[in-house]
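In: I need the structure of the sequence given here:
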Amino acid sequence: MNRLLVSLLAAVDALVTVAVGVGIVLAPVTLVWVFGISGDADWAALWPAGATIWQLGHFAPVAVSLPAELVVLAGLPAKGADFAVSLAPTALAAVTAFSAWRSGARAARAGAWLTGVLAGTVTVALLATVIALTGHADVASVDLLPAVLGPVLVFAVPALLGAIVRAWSDGDDGIVDAVSERLPDDVQNAVDAGVRGVAIAVAGIVGIGALILGVLFFARGGEVIALTQAAQTDLIGVVVLALGSILYLPTLVLWFAGFAVGPGFAVGTGTAVSPAGTSLGVVPGIPVLGIVPDSTSPWLLLLALVVVGSGALAGAVSRGSLLVGSTTDAEPLRPRAVALSVLVIGTGIVVAVLSWAARGAIGPGRLAQVGPEPWSVALLAAVEVGVGAAVVLFSPRGDDADEHGHRTAADVPREAPAPAPAAAPRREPAAAASPDEFPTTPLD
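Out: Below is the predicted model:
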């Protein structure tokens, strides 16, 4: 496909991505304006609030400076008037990252992945600059550099990864093919298998976090309702709180994914919520935080075994990919070692990025540190997944058949050869008959 056409399509992808993200924020803000304050304010005055929320959702920290009257009315200390909010509603970033991944893959399929990624990234940078310049607010402001750099990175990194993965799979007649051709075939296969394992392991860890969150919503829903009632908000306020909680759901899932891995997360400086124990202190009266348990049981440490099981499943899938077509030779060691290395390192990197995305500040003082500790969660996740994967990747197969129903030569038991069957007695060929011995029939 023509590079100019690829650039235009990638730019359209980026434009749609930004429009969808901003629309997700502006839709509830518009509803609040229509049903709550339509007679008291111009809709354009709500644009800075929507822009700031979108920027926060792309990891741009927001500097909050409360008016003196509001500080006195709320009974806040004077030093609490100025603080930063950096805990991102990661649902917005997830929408951008998913769309960017698809855009990069489409550009790679068209044969110009680098051009497509660059065009989409430049478009996002331009749109983010426009939003930052037009959406400035006095109470909650975002510096220009993070307001642009945050959305650009959230788009560019997934787009680049999606393009490289597609180009690695389909070929690009360029950089990716030049790199892959330098690798032996078994190493290429091992890298593919390891990447599949990373996807399965990370999906397993995130799935465990989502399951824990769902159980806690069911078990502690009364606390959430009580905190909502204590806020004494009207219907519009309840809707805003609910929509805000939805935007933060992926963040909470990542909190409890860290809980399942072991280190857990914090809800303020000096606090900890983990299977080993919980120390909370005073928790902000945000309704969705009502799901955070006051205490935990040491039995919850067994959740780490579920993470190990996710690693074992990832290792099984990786090993199955390595055995494709291997029906006669013994299973080699190098591909399995490469697959395990890719699986462990890749899982650690992805979990570290996700944990960092779910960490930040939600207020002044002790609330400046909320969420999981990225490096501890990533290191322990890599170890647990690595243990489960290593057991499966390096365990003997015995008489197991591969996915095609064949067994490798190493799996075939070495038995003494069966004795050859006794030769049947040879029959002596009959002597050739002379023409005189053939019966003759008189001709009529």
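In: how about the strands in this structure?
Out: Residue ranges of the strands in the chain, as given by DSSP state E, are 62-65, 82-85, 140-141, 266-267, 272-274, 277-279, 370-371.
In: Note down every partner strand of the fourth one and its orientation.
Out: This means strand 266-267. Each strand paired with strand 266-267, and its direction, by DSSP bridges: strand 370-371 (antiparallel).
In: and the strand it pairs with, what's its mean pLDDT?
Out: Average pLDDT, strand 370-371: 92.
In: how distant is that strand from the center of its chain?
Out: Taking C-alpha atoms, centre = their mean, to the nearest Å, the mean C-alpha location of strand 370-371 is offset from the chain mean by 19 Å.
In: So, low pLDDT: which residues of this protein?
Out: 1, 35-43, 69-80, 323-330, 397-444 (pLDDT under 70).
In: Go through it and flag its longest helix.
Out: For the chain, the longest helix by residue count, based on DSSP state H, is helix 185-219.
In: and it, what does it pack onto?
Out: helix 144-170, helix 249-261, helix 303-322, helix 333-357, helix 374-394 (3 or more C-beta pairs under 8 Å, 6 or more residues apart in numbering; DSSP states H and E). (C-beta placed from N, C-alpha, C; glycine too.)
In: let's see it at 10 Å
Out: Counting contacts by 3 or more C-beta pairs under 10 Å, 6 or more residues apart in numbering; DSSP states H and E, helix 185-219 is packed against helix 144-170, helix 175-181, helix 221-230, helix 249-261, helix 303-322, helix 333-357, helix 374-394.
In: To L9, which of those helices lies closest?
Out: In terms of C-beta to C-beta, the element of these nearest to L9 is helix 144-170, at 12.7 Å.
In: Show me what counts as buried in the closest one.
Out: Using 16 or more other C-beta atoms under 10 Å as the test for burial, helix 144-170 gives 146-168.
In: which secondary structure elements does it contact?
Out: helix 3-32, helix 47-56, helix 90-109, helix 113-134, helix 175-181, helix 185-219.
In: got the phi/psi numbers for T271?
Out: phi -110, psi 160 (degrees, to the nearest 10).
In: Indicate which one of the helices and strands packed on helix 144-170 is closest to L301.
Out: Proximity to L301, assessed across these by C-beta to C-beta, is greatest for helix 185-219 (13.5 Å).
In: Now do the closest one and helix 303-322, the angle between them.
Out: Here helix 185-219 runs at an angle of 150 degrees relative to helix 303-322 (axes from the mean of the first three to the mean of the last three C-alpha atoms, to 10 degrees).
In: now helix 185-219 against helix 374-394, angle please.
Out: Helix 185-219 runs at 120 degrees relative to helix 374-394, counting by the same axes, to 10 degrees.
In: can you state the direction angle for helix 185-219 and helix 144-170?
Out: In terms of direction (the same axes, to 10 degrees), helix 185-219 departs from helix 144-170 by 130 degrees.
In: picking that back up, how about the helices and strands packed on helix 185-219, which one is nearest S103?
Out: With C-beta to C-beta, the closest approach to S103 among the helices and strands packed on helix 185-219 belongs to helix 144-170: 5.5 Å.
In: Quick one: distance of that closest one to the chain centre.
Out: Distance, stretch centre to chain centre, for helix 144-170: 14 Å (C-alpha atoms, centre = their mean).
In: before we move on, the earlier item: so which of the helices and strands packed on helix 185-219 is the most packed in?
Out: Counting by mean count of other C-beta atoms under 10 Å, helix 249-261 has the highest mean neighbour count of the helices and strands packed on helix 185-219, with a mean of 25.
In: That one vs helix 333-357, what angle?
Out: Going by the same axes, to 10 degrees, helix 249-261 makes 130 degrees with helix 333-357.
In: which secondary structure elements does helix 249-261 contact?
Out: Here helix 249-261 touches helix 90-109, helix 185-219, strand 266-267, strand 272-274, helix 303-322, helix 333-357, strand 370-371, helix 374-394, going by 3+ C-beta pairs under 10 Å, 6+ apart.
In: From the contact counts, what lies against the last one?
Out: Counting contacts by 3+ C-beta pairs under 10 Å, 6+ apart, helix 374-394 packs against helix 185-219, helix 249-261, helix 303-322, helix 333-357.
In: Among the strands of the chain, which comes closest to G50?
Out: When the strands of the chain are compared by C-beta to C-beta, strand 140-141 sits nearest G50, at 11.4 Å.
In: who does the closest one pair up with?
Out: strand 62-65 (antiparallel).
In: can you list contacts of the partner strand?
Out: Strand 62-65 is contacted from outside by 52-53, 55-56, 80-88, 137-143, 146-147, 361, 363-364, using C-beta atoms under 10 Å, 6 or more residues apart in numbering.
In: again, 8 Å this time
Out: Here strand 62-65 makes contact (C-beta atoms under 8 Å, 6 or more residues apart in numbering) with 52, 55-56, 81-86, 138-143.
In: of those, buried ones?
Out: Using 16+ other C-beta under 10 Å as the burial test, the contacts of strand 62-65 include T52, Q55, L56, A81, F83, V85, S86, A140, S141, V142 as buried.
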